[in-house]
Structures are given as C-alpha cells and as structure tokens.
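Novice: After the sequence you'll find the predicted model.
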Amino acid sequence: MEHGLQPMSDSLPDEASVIDSENFWQRYPGLLVSILVVTLFLLLQGMLVITEQRKNLNQLHQERIQHELNLMSMVAYESIFKGDYAILERVLTQWGEGNKELTAIRAIAPNGFVLAEYRARDKVTATESHSRQLQNRGEPVLRIEIEYSLDRITLDVNRLSIQLGLVSALLMILLGVLLWAVLRITAVRPLEQEILKRRQAEEASRRVSQIHSAVNEILRITLQSAPLARQFQLVLDKLLAIPWLSVETKGSIYLADEKQQYLTMIVERGLDPELLQSCRQIPFGYCLCGQAAHQKAFLCASHVDERHTTRSPGMRDHGHYCVPILTRNRVLGVINLYVEPGHDFTPEKQSFLLAVADTLEGLIRRHQSEDALQHLNEELEQRVERRTLELRASLESLQQARDRLHQSEKMASLGRLVAGVAHEINTPVGIGYTAASFLEDRTRQTAALFQNKELRSDDLKSYLESANEASHMILTNLERAAHLIRSFKQVAVDHSANALRRFDLVEHLQLIVTSLRPKIKPTRHQLLLETPPFLEIHNHPGALFQILTNLVMNSLIHAFDAIQEGQITLTVTLDSDDTVMLSYRDNGKGIEESDRKKIFEPFFTTRLGQGGSGLGMYIVYNLVTQCMGGSISCQNAADRGIEFMICFPKNFQPVTPS
C-alpha cells in the first residue's frame, strides 16, 4: 500500500487517579513493610496498655474488697459478742444497699448456719466470691462471705479498649495521611505518570490492532470470489461499523469513468431516497465526491459547507470523508462516508482510509483484468468453436473418405470372392452342360430310331447306360455347384451384413478357405487348417471373413512374391477363460522390425505407388478390436515368415452405449 498505518494519538482521559496497586507495591516493597511494622507496633502498644490498665483495675478492686471485708468483720465481730444478730442483719443489708457492686453478703456460724444474709435483687452476668474467717482465741466464731459483680470492671475495660482503639486508629490515619503525602511527592506521582503513559500506549496499540484487524477483514473480503458490487457492499458495511472513525451509518462507493468524467454509485447504505436519486451519478468537480475525483485528493468536511452543492429539504448537519481510489494518477472511484458534525479529523484516520482505498484499487483492477480475461476467453472460445466446427467438418470428410475406402476394400474383396467362386462354379456347370448336351443327342438319336421302327434292344440298352451315366454326371456336378453357391451365399451375406450371430467357427473357416481357394489354386501355395472338430462361438462371421481375406491376400502379394511354394497355417485353440486364439502364420519373407511397429497404421504400405492402399491391415486391426471385441499382435516367426495372433471372446456381447 502507498499509505502506511500510523498509531492513533487521540487524547485520553486523565487516569492518574487509577493506580495499579499490584505493580505499585511490587515496585516499593519497603513502603509496604514500613506500614505493616507501624501497624503491628500500634496494635501491640494498644494491647499492652489495655493489659496494664486491666491489671491496675483488678488490683484496685482487690484492695477495695479487702477493705470492705475488714470493715464488715469488725462490725460482725462486735455484733456476735453482744449476741444481737438483728443488728448484724441490718448492718449487712445497709452495707449491701449502699454498695451496688455487692450482690450477696452472708454471715455463717462455724456449724454452717447462716446467721444473716443480704442478696441484691439485680441480676449480674459475672461475679467473684471472697470470704474472711473470724476467730476468738484461735477458735473460729464466724465466716463472712461476699460476692462482687464484675460487670462494672468489664465495662470499664471495654470502654478503655474502645478509647485506645479509636486513638490507635486516629494515629494510624494520621500516619497513613503523612506517608501518603510523602509518597505522593516522592513515588506515586511519577508512577501515575508512568501508568498514564502505559495506558496511552496500550490504547494506541489497541487502536492499531483494530486498524490492522479492519484492514485484514477488508483484504479478506476483496480476496473472495464474488461480484464487485457485493464486495463493495461488504467493505462499506465494515467501514460503517468501525466505532473510532465516528462515522454515521451512511455512505456510498462510486466507480469513475474518466472518459465521460462522472462518478456512478455502485453501492450505498442509509441514504435518503431524494439524496439517492440526485447522487446516483455525479460529474467530476461537483459536490464533495466530484471534487475529490477531480482533484485526486482526500477531502473532509466537519459540517455542510459551500462545497456541499447537493442538498435536500430537511437535510441535517453532517460531515464527510471523501477518499479517492487512485492508480497511477488515474481515478478509479471514490469512497464517501458520512461523519458526525464537528468531528475532529486526524492524520491517522486519513492514513487508514487511504490504505482502504489502495486495497479497493487492487480489487477494481483485478476485476477489470478478470473482465478483460473473460472477454478474451469468450473470444477465444468463439474462435475455438469455429475452428472445432471446421475440424469436425474436415474429420467428417476424412471419416467419409475412410468409410468409402473401407467399403471399396470390402467390395474389392467381395469382387475377388465372386470371381473365384465363378471360376469354381464354371467347371461343374461346364461338365453338367456337356453331359446334358450328350444326353440330349443320344435321346434324339434313340427317338429317331424309335420313330423309324429301327430301334433294337442293343441300341436301347446302350442309350440307357449313356443316360444313366450322363444323369449321374449332371447330378454330381449340379450338387457341387449348388454347394459352392450356398457357401458363396453364406459368406457373401456375412461379409455384407456383418451381423452378430452364433455359428460353428470350424465350418465357417472351411467356407472361407473354399472361397479363397480360386486365388490359391493357380499357385503352388498351400492353406492348412488346424482346428478342433467343432467350436461354436457368438461373434461376427463377416468380420472374420474380411480379416482372413486381407491376411491371405497380404501373404500372396507381399510374403510370397519371391517364393514359389508357400504355406499358410491357421491354428485355432480355446483358452481357459473362453478366449479363442486364432494363429495366422506363413513362411514368407517376413517384415522389417521398423515396418512391423507401423503395420496397423492407416495408409502404411511397403508398395507405395504399386497399387497398395495402405488400409488392409488398418481395417484388420479395427475389425478385430472394435467389431469382434478382441486384440491382434504381429511378430516375425522364429524360423521364417510372420505370425499374427488374433484373440477374441468366444461369446461376444457388445457394450450398448448409455
């Protein structure tokens, strides 16, 4: 991209009052230790004071109790010696009512009898008991027991604890304020400044991350396989959803036509219908979008100003980002975003939007290249289609020519068959014709003798012998001719119709040999058959006739051209998987290795310009592989000559095209 992305530096709110306490105490552990030591010292000091005060209070309480017991013992001692126990009880009662801390007073004789007793009516939670034994000359005369309430002492201790706690807390607060003031000056303020800088850096990093995330998302959108308008819509929605751009949910993307000098809106979001109609096409230099395209510069407006020439009734105030999409100083389009009025524009936002424009520039150029490539592909497809039609027409012409050559070859083979069979039929027919003529003459002679009444028994006997011999000769030769005609008819029908049927392979090979004998008979060559007695197959007999005819004619023309006594051997075997193995072997001159590899190619012949068409073996190969569903291979024989191995299924079932 031409425009790099810069960190966002918008002002951040004052966050100095928010301190990262964990990092603070990690940086200043001595301060934490000092505060803990002072706190523990104050707590221990308060506990010592409370303990000392409790001890003092208990001591004063004990002294007071002993004093009370001394006074009470003197009064009780005097009352006992006077023997007036009523006075003792009044004294105890007055004493108890005058001292609220006394809960019970009892005067007990040595025998355990209670002489006088006072018990307070108020309930207490905790008491302690004390007693004094009065003696006279070493003998016990009375025991004074008193019970004191501990509630007042507990209350005094609690009050003292609360006072000391309040004082300690006040001292700790004062100490904390003092320490905070010192730390504020020496450590906290630099730490707050550091935290502020860190938070500003984190905020800038977060915004840069958001920018990169947005750019990556826009790049992902541009790399999708989708129409250009769909990709523009996704990019526009992504821009309108970025919060730190402060854009409204309104915007549009234009494509430029530099020849016509106007912008055409491709996609939009949130525009009013009236504004949408007027902004559908914008000339260069008109309104903010047209000026951005004309000036080829980034334009922004914080309010609706004099540059905003396109307006509508009731239009509220707003601002604009108008970002041109440029490539090599050419305008490809404009991005138009609505922003909040009074928005503060920053270089970082401008840099981001220019980076988005660069991304869309690549997207637009890619689609233009794809459109040009598609147009070129369509043109190439049209050319290829025209060329294909021409080639198809040429191929059809070649196919028709090949079919005609194939048909001519078949007709020539059939013509040779007709000529051979005609020559074969000529002999029995000639003999039968001669015998019939002889019988006719003898019959005419015998009839003349009979009419002249000159017929003798010897003449009749001679005529009957001649008639019997002539009739036998005629019948024998006619049967031979009929056999030749039936063979020719079957072979001719199979050869012309090329029908798939079930037949005896051995009998059919014998018919083929019979039909080919006129070609071999004038020579001293031999055609031998090595077959089983009977082998029924399901295949094309006509194709087999054409194959063997071409092979025999090839041997007679090519293999035996310099040999007087050649031999052709046809061997038939049946493989274990019901595959018929037909071996055709001659002892001719063989074939060169370079020619053997090309023997089944069309128009290949070793007698170029000498009447060879070069289609004989090509037709043989097609008949074996396509018509009979088999295979054929050629190799020079081990001793002399050449051998063709033809393999085809015993029960051939052609595949019906789907």
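Specialist: Sure thing, it's come through. Residues are numbered from 1 along each chain as shown.
Novice: Please identify the buried residues of stretch 311-319?
Specialist: Residues His318, Gly319 are the ones in stretch 311-319 that count as buried (16 or more other Cβ atoms under 10 Å). Backbone N, C-alpha and C define where each C-beta goes, glycine included.
Novice: Within the helices and strands, which one has Leu263?
Specialist: With the criterion set as DSSP states H and E, the secondary-structure element containing Leu263 is strand 262-269.
Novice: typo on my end, it should be Leu219
Specialist: Short version, using DSSP H and E: Leu219 is in helix 189-222.
Novice: Pull out the buried positions in that helix.
Specialist: 191-192, 195-196, 199, 203-204, 207-208, 211, 214-215, 218, 221-222.
Novice: Please list all residues in contact with Tyr321.
Specialist: Tyr321 makes contact with Leu245, Val247, Phe298, Cys300, Ile335, Asn336, Leu337, Val339, Lys349, Leu353, according to Cβ atoms under 8 Å, 6 or more residues apart in numbering.
Novice: Quick one: the residues you listed as TSV, columns for distance to Leu178 and neighbour count too.
Specialist: As requested, those are exported to TSV (distance: Cβ to Cβ, whole Å; neighbours: other Cβ atoms under 10 Å):
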residue	distance to Leu178	neighbour count
Leu245	49	18
Val247	52	22
Phe298	57	18
Cys300	54	18
Ile335	60	25
Asn336	62	26
Leu337	56	24
Val339	52	22
Lys349	48	23
Leu353	54	20
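Novice: Okay, helices next: where are they in the stretch 301-450 of the chain?
Specialist: For the stretch 301-450 of the chain, the helices defined by DSSP state H, counting those that start in this stretch occupy 347-451.
Novice: For it, give me the ranges with low pLDDT.
Specialist: Applying pLDDT under 70 to the stretch 301-450 of the chain flags residues 402-403, 405-424.
Novice: what ranges do the helices span in this structure?
Specialist: Assigned helices in the chain, in chain order: 21-27, 29-82, 85-98, 151-183, 189-222, 228-240, 273-278, 287-295, 347-451, 457-497, 505-520, 541-554, 593-596, 616-622 (criterion: DSSP state H).
Novice: Switch the ones you listed over to CSV; also include distance to Arg311.
Specialist: Formatted as CSV, the entries for the helices of the chain read as follows, by distance: least, Cβ to Cβ, whole Å:
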stretch, distance to Arg311
helix 21-27, 55
helix 29-82, 65
helix 85-98, 103
helix 151-183, 60
helix 189-222, 31
helix 228-240, 22
helix 273-278, 9
helix 287-295, 9
helix 347-451, 24
helix 457-497, 90
helix 505-520, 99
helix 541-554, 89
helix 593-596, 90
helix 616-622, 83
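Novice: who wins for proximity to Thr531 among those?
Specialist: Ranking the helices of the chain by proximity to Thr531 (Cβ to Cβ) places helix 505-520 first, at 4.7 Å.
Novice: So what's the gap between that closest one and the chain middle?
Specialist: From the chain centre to the centre of helix 505-520 is a distance of 67 Å (Cα atoms, centre = their mean, to the nearest Å).
Novice: same deal with stretch 359-372?
Specialist: For stretch 359-372, the distance from its own C-alpha centre to the chain's C-alpha centre is 26 Å (Cα atoms, centre = their mean).
Novice: can you pull the buried residues of that stretch?
Specialist: The neighbour-count check on stretch 359-372 (16+ other Cβ under 10 Å) flags Thr359, Leu360, Glu361, Leu363, Ile364 as buried.
Novice: Pick the one among those closest to Asn636.
Specialist: Taking Cβ to Cβ as the measure, Leu363 is the one of the buried residues of stretch 359-372 closest to Asn636, at 68.5 Å.
Novice: Touching, the closest one and Ala226? I think so.
Specialist: No: because the distance of 10.4 Å does not satisfy Cβ atoms under 8 Å, Leu363 is recorded as not touching Ala226.
Novice: in the stretch 151-300 of the chain, what spans have low per-residue confidence?
Specialist: Within the stretch 151-300 of the chain, the ranges that satisfy pLDDT under 70 run 182-189.
Novice: which one of the buried residues of helix 189-222 sits closest to Pro110?
Specialist: For the buried residues of helix 189-222, the minimum distance to Pro110 (Cβ to Cβ) is 81.6 Å, reached by Leu191.
Novice: Tell me how far the closest one lies from Lys197.
Specialist: According to Cβ to Cβ, to the nearest Å, Leu191 stands 11 Å off from Lys197.
Novice: now do Leu40
Specialist: Here the distance between Leu40 and Lys197 works out to 36 Å (Cβ to Cβ).
Novice: Likewise for Leu43?
Specialist: To Lys197, Leu43 is 39 Å away according to Cβ to Cβ.
Novice: what do you get for Val384?
Specialist: Val384 sits 68 Å away from Lys197, taking Cβ to Cβ as the criterion.
Novice: likewise Val331?
Specialist: In this view, Val331 and Lys197 are 43 Å apart by Cβ to Cβ.
Novice: Might you list the low-confidence residue ranges for the stretch 451-600 of the chain?
Specialist: Counting by pLDDT under 70, the stretch 451-600 of the chain contains low-confidence ranges at 483-484, 486-498.
Novice: oh sorry, the question was meant for the stretch 1-150 of the chain
Specialist: For the stretch 1-150 of the chain, the stretches flagged by pLDDT under 70 are 1-32, 35, 46, 81, 83-84, 123-125.
Novice: would TSV of the contacts of Tyr321 with distance to Tyr262 be doable?
Specialist: Supplementary listing: the contacts of Tyr321 in TSV, determined by distance: Cβ to Cβ, whole Å:
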residue	distance to Tyr262
Leu245	27
Val247	25
Phe298	20
Cys300	22
Ile335	17
Asn336	14
Leu337	20
Val339	25
Lys349	28
Leu353	22
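Novice: out of the residues you listed, who's nearest Thr573?
Specialist: Closest to Thr573 out of the contacts of Tyr321 is Ile335 (84.3 Å), distances taken as Cβ to Cβ.
Novice: Skipping adjacent residues, who's closest to the closest one in space?
Specialist: Val323 (4.2 Å; Cβ to Cβ, 6 or more residues apart in numbering).
Novice: Which residue, neighbours along the chain excluded, lies closest to Gln546?
Specialist: On the basis of Cβ to Cβ, 6+ apart, the spatially nearest residue to Gln546 that is not a chain neighbour turns out to be Leu623, at 5.8 Å.
Novice: And for that neighbour, the neighbour number?
Specialist: Here the number of neighbours of Leu623 (other Cβ atoms under 10 Å) works out to 23.
Novice: need the contact list for it.
Specialist: Applying Cβ under 8 Å, 6+ apart to Leu623 gives the contacts His540, Ala543, Gln546, Ile547.
Novice: From the chain's centroid, how far away is stretch 475-486?
Specialist: On the basis of Cα atoms, centre = their mean, the separation between the geometric centre of stretch 475-486 and that of its chain is 79 Å.
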